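J.: what's the 3D shape of this:
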Amino acid sequence: MGVITDNLDLWGTAIRNTVVLFLGGGLLALVLGTIVGAARVSPVPIARGVGTVYVNAVRNTPLTLIFFFFAFGYPQLGLPKIDWVPLAMLALGLYTATYVAEVLRSGINTVPVGQAEAARALGLTFGQVMGEIVVPQAFRSVLPPMMSVFIALLKNTTVAAGFSVAELGAIRANMSERGENALEVLLWVAAVFVALVLLLSWLQRTLENRWRVAR
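T.: Numbering: from 1, shown residues only. Prediction:
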């Protein structure tokens, strides 16, 4: 335990930044992924095309390359300077949104077509049909794979360690400078990630039970 108790400052910063990256990137991925997923099943060809290009282009690009773009390409665009933590959240959110979109699209396809047709017959617009009828049911049906996407996002936050973000993936190097055993540090990092993943698994079970009753 001395590895942690003697270095609470480093562990506190690392865990906080990991959680911040996860929450910020996850929120962006959820919002953007929902929009892109809806666009992928839109009756408007342009919307479907834009959604398809975005998913195929970003999902097939390694996450490290997306981080490299924000590290070296973003400053060349002449945009306002942003700290590395928000940039890392952008990279994680934009990348994870493609997986959220595809998972949600598969859930949308499980909703009976007759429900959308009945809603349109009542005069609801496409946005109203998706927001009030289809998407809520789609989220219920894809909760387990969606949670797997967010668990992957949590583990992907370690990529930010290579880009000057002091999170759990970077703590080994910082602890080594203080003379701590690298293997012990890595074991504790793994334990922290296991605890966080178990927390997400508990959240998944809670939502599943709640929504199962709601049905």
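J.: CA atoms for contacts and neighbours, from now on please.
T.: OK.
J.: Show residues contacting stretch 83-99.
T.: Residues from elsewhere that reach stretch 83-99 (C-alpha atoms under 8 Å, 6 or more residues apart in numbering): 17, 21-22, 24-34, 36, 54-55, 58-59, 63, 66-67, 70, 149, 153, 156-157, 160, 163-165.
J.: Could you pick out the buried ones from those?
T.: 17, 21-22, 24-26, 28-30, 32-34, 36, 54-55, 58-59, 63, 66-67, 70, 149, 153, 156-157, 160, 163, 165 (16 or more other C-alpha atoms under 10 Å).
J.: List the buried residues for the helix or strand where Asn209 lies?
T.: Under the criterion of DSSP states H and E, Asn209 resides in helix 182-214. Using 16+ other C-alpha under 10 Å as the test for burial, helix 182-214 gives Val185, Trp188, Val189, Phe193, Leu196, Val197, Leu200, Ser201, Gln204, Glu208.
J.: Leu153 versus the fourth one, what's the distance?
T.: Read it as Phe193. Counting by C-alpha to C-alpha, to the nearest Å, the gap from Phe193 to Leu153 is 12 Å.
J.: repeat for the first one
T.: Relative to Leu153, Val185 is positioned 22 Å away (criterion: C-alpha to C-alpha).
J.: Same question for the second one.
T.: Here the distance between Trp188 and Leu153 works out to 20 Å (C-alpha to C-alpha).
J.: which is the next helix or strand following the particular helix or strand that has Thr98 in it?
T.: Assessed by DSSP H and E, Thr98 sits inside helix 84-108. Going down the chain from helix 84-108, the next helix or strand is helix 113-121, by DSSP H and E.
J.: What is that next one packed up against?
T.: Under the contact criterion of 3 or more C-alpha pairs under 8 Å, 6 or more residues apart in numbering; DSSP states H and E, helix 113-121 touches helix 126-129.
J.: which other helices and strands contact the helix or strand just after the helix it packs on?
T.: Per DSSP H and E, the first helix or strand lying C-terminal to helix 126-129 is helix 135-141. Applying 3+ C-alpha pairs under 8 Å, 6+ apart, one finds that helix 135-141 contacts helix 84-108.
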